[in-house]
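# Predicted model and sequence follow; I will ask about them next.
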Amino acid sequence: MKRVALWMGGLVAAGVAIGAYVFFVHLPPRIDARLNAVIPHEPYPVSDEARALHASLRVADLHADTLLWARDPLKRHERGHADVPRLVEGGVALQVFSAVTKSPSGLNYERNAADSDDITALVIAQRWPMRTWDSLAERALYQAERLADAERRSQGAVRVIRTSGELDAALADGALAGVLATEGAHPLEENLANLARLYDAGYRVLGLQHFFDNELGGSLHGESGTGLTAFGRSVVAEAEARGMIIDVAHSSEAVVRDVLAMTIRPVIVSHTGFKGHCDTARNFSDALMADIAAKGGLIGVGFWDGAVCEPTLVEIAAAIGYGVDLLGAGHIALGSDYDGTTAVTFDASEMAALTQALLDAGFDAAAIRAVMGENAIRFFRDNLPQ
């Protein structure tokens with residue numbers, strides 16, 4: 001009987017070990033590869049003209065969720081959409097890295113409750129510090145630490161940007177300028193004092209909502225459709241006073257209108273499409289986009305189906321063209337949503353193919369230079385703390 005008990009105990013221990021291996025080692029990269037797919041394609045033809053033009057560009061992207069995943073951002077990976085080697089190969093000079101801290105189950109564009117969170121299991125499976133398991137603030141701070149660690153190990157190739165001067169220095173040195181953003185302001189955990197913690201950690205872009213209503217107000221994909229709460233107004237006022245850039249990409253239209261009414265500085269819509277081009281629940285009305293642009297705002301055009309309907313180079317270029325016609329070339333930028341559980345047709349290393357698509361769509365070199373990066377660089381230079 002003792003031998004049987006030992007044998008059974010050994011089986012249980014082996015089962016636990018195998019289960020732990022699958023959960024902590026095998027599962028995270030498989031989830032990453034499945035959710036952040038690059039749709040298979042033949043190499044894109046890029047003409048000598050497009051290649052030469054692209055080599056002269058400073059590409060900027062307003063939104064990538066790369067820090068969420070268990071990948072060393074300094075190493076090139078075969079899964080996901082972006083890492084420093086692929087960004088550099090694609091000519092990216094400025095990348096906004098957004099911190100995802102909560103995502104509801106059954107994610108959709110129409111309606112989500114705030115009472116579930118799929119990120120918790122991912123955080124545990126990826127062996128993040130225990131302080132992040134039950135704290136959204138700590139999840140945001142940990143992702144800032146990941147980018148700071150990449151900066152330290154990069155020998156100057158990656159810089160975390162906090163001021164306009166640091167941006168200029170990084171661009172002058174040919175370093176990748178990384179700006180930290182929150183994917184929703186729920187990491188504040190209903191405590192305005194946490195805004196200072198995020199600011200001190202390097203966050204300079206504050207997304208207000210994600211896929212659910214939060215303490216600041218309604219989400220474009222939430223249940224209420226409401227505008228800013230009293231807490232939301234205090235956060236927006238404090239963020240603006242600190243020189244943080246407000247991102248309304250997932251906010252309800254009522255929140256966006258409240259923000260526009262109370263702020264002086266321009267806002268961004270970091271990753272989106274145009275409803276007149278792609279009529280999905282993910283995209284704001286053209287009228288609201290015009291109001292955002294009228295206050296100096298910047299719109300980042302996404303690379304996935306919810307933003308542009310068909311995530312092809314032709315349709316992404318068409319969405320950019322629609323935005324230029326609607327708002328003017330000075331208000332349009334790139335907002336890839338790389339590594340944001342999206343399927344895309346090209347990764348960060350293939351940005352030259354988008355330059356080719358814009359040339360094919362009839363854009364001139366000046367307009368391509370603007371939307372591919374100079375608009376975003378100008379916006380951050382003008383709106384980051386001095």
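Received, thanks. Residues are numbered from 1 along each chain as shown.
# how near is residue 73 to residue 84?
Separation of residue 73 from residue 84 (Cβ to Cβ, to the nearest Å): 5 Å. From N, CA and C alone the C-beta is placed, and that goes for glycine too.
# anything in contact with each of these two?
150, 158 (Cβ atoms under 8 Å, 6 or more residues apart in numbering).
# Looking at these two, which one has more neighbours?
Legend: neighbour count by other Cβ atoms under 10 Å for residue 73 and residue 84, higher for residue 73 (26 against 22).
# does the more buried one sit in a helix or strand, and which one?
In this assignment (DSSP states H and E), residue 73 forms part of neither any helix nor any strand.
# phi, psi of it?
Note on residue 73: its backbone torsions stand at phi -60, psi -20 [degrees, to the nearest 10].
# excluding its backbone neighbours, what's nearest it?
Excluding the flanking residues, the one nearest residue 73 by Cβ to Cβ, 6 or more residues apart in numbering is residue 150, at 4.8 Å.
# which ones are touching the nearest residue to residue 159 once chain neighbours are set aside?
In space, and not counting its chain neighbours, residue 159 is closest to residue 170: 4.1 Å by Cβ to Cβ, 6+ apart. By Cβ under 8 Å, 6+ apart, residue 170 lies in contact with 159, 161, 176, 177.
# Tabulate the residues you listed (CSV), appending distance to residue 326.
Listed next are the contacts of residue 170 as CSV, based on distance: Cβ to Cβ, whole Å:
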residue, distance to residue 326
159, 34
161, 29
176, 31
177, 28
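# Emit the PyMOL select command for whichever of these are buried.
Of the contacts of residue 170, the buried ones can be selected in PyMOL as follows, counting by 16 or more other Cβ atoms under 10 Å:
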select buried, resi 159+161+176+177
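# Would you mind giving the contacts of residue 170 as CSV with secondary structure and pLDDT added?
Converted to CSV, these look like this (DSSP: H, G, I helix; E, B strand; the rest coil; pLDDT from 0 to 100):
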residue, secondary structure, pLDDT
159, strand, 98
161, coil, 98
176, strand, 98
177, strand, 99
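# Among the contacts of residue 170, which one sits closest to residue 34?
The closest of the contacts of residue 170 to residue 34 turns out to be residue 176 (Cβ to Cβ; 27.1 Å).
# Might you report the residue contacts of the closest one?
Residue 176 touches 84, 87, 88, 92, 93, 94, 95, 157, 158, 159, 170, counting by Cβ under 8 Å, 6+ apart.
# cool, residue 145 as well?
By Cβ under 8 Å, 6+ apart, the neighbours of residue 145 are residue 201.
# hang on, it in a helix?
Yes: membership of residue 145 in a helix is supported by DSSP: H, G, I helix; E, B strand; the rest coil.
# What are the boundaries of the strands in the chain?
Per DSSP state E, the chain carries strands over the ranges 59-64, 92-99, 158-160, 176-182, 203-207, 245-247, 268-272, 298-301, 332-334.
# Identify whichever of those lies nearest to residue 142.
Per Cβ to Cβ, nearest to residue 142 of those: strand 92-99, 8.5 Å.
# Within the sheet, what are the partner strands of the closest one, with directions?
Looking at strand 92-99 with DSSP bridges, its partner strands are strand 59-64 (parallel), strand 176-182 (parallel).
# just to revisit the earlier point, Serialize the strands of the chain to CSV and add fields for distance to residue 129.
Shown next, in CSV, are those (distance: least, Cβ to Cβ, whole Å):
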stretch, distance to residue 129
strand 59-64, 23
strand 92-99, 15
strand 158-160, 20
strand 176-182, 18
strand 203-207, 18
strand 245-247, 26
strand 268-272, 27
strand 298-301, 31
strand 332-334, 32
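# circling back: and the residue nearest to residue 73, how far from residue 226?
Residue 150 is 38 Å from residue 226, by Cβ to Cβ.
# out of the two, which sits in the more crowded spot?
Each of residue 150 and residue 226 has its neighbours counted (other Cβ under 10 Å); residue 150 has more, 23 against 16.
# which other residues reach stretch 311-330?
By Cβ under 8 Å, 6+ apart, stretch 311-330 touches 39, 44, 273-274, 276-278, 286, 289-290, 293, 299, 301, 303-305, 307-309, 331-332, 342-346, 353-354, 356-358, 360-363, 367, 370-371, 375.
# brain fart, stretch 300-309
Counting contacts by Cβ under 8 Å, 6+ apart, the residues outside stretch 300-309 that touch it are 61-63, 109, 249, 268-274, 277-278, 280, 282-283, 311, 315-316, 318-320, 323, 332-338, 340, 342-346, 371, 376.
# Roughly how far does residue 86 sit from residue 336?
Taken as Cβ to Cβ, the span from residue 86 to residue 336 is 12 Å.
# Residue 123: neighbouring residues, count only.
If you count neighbours by other Cβ under 10 Å, residue 123 ends up with 21.
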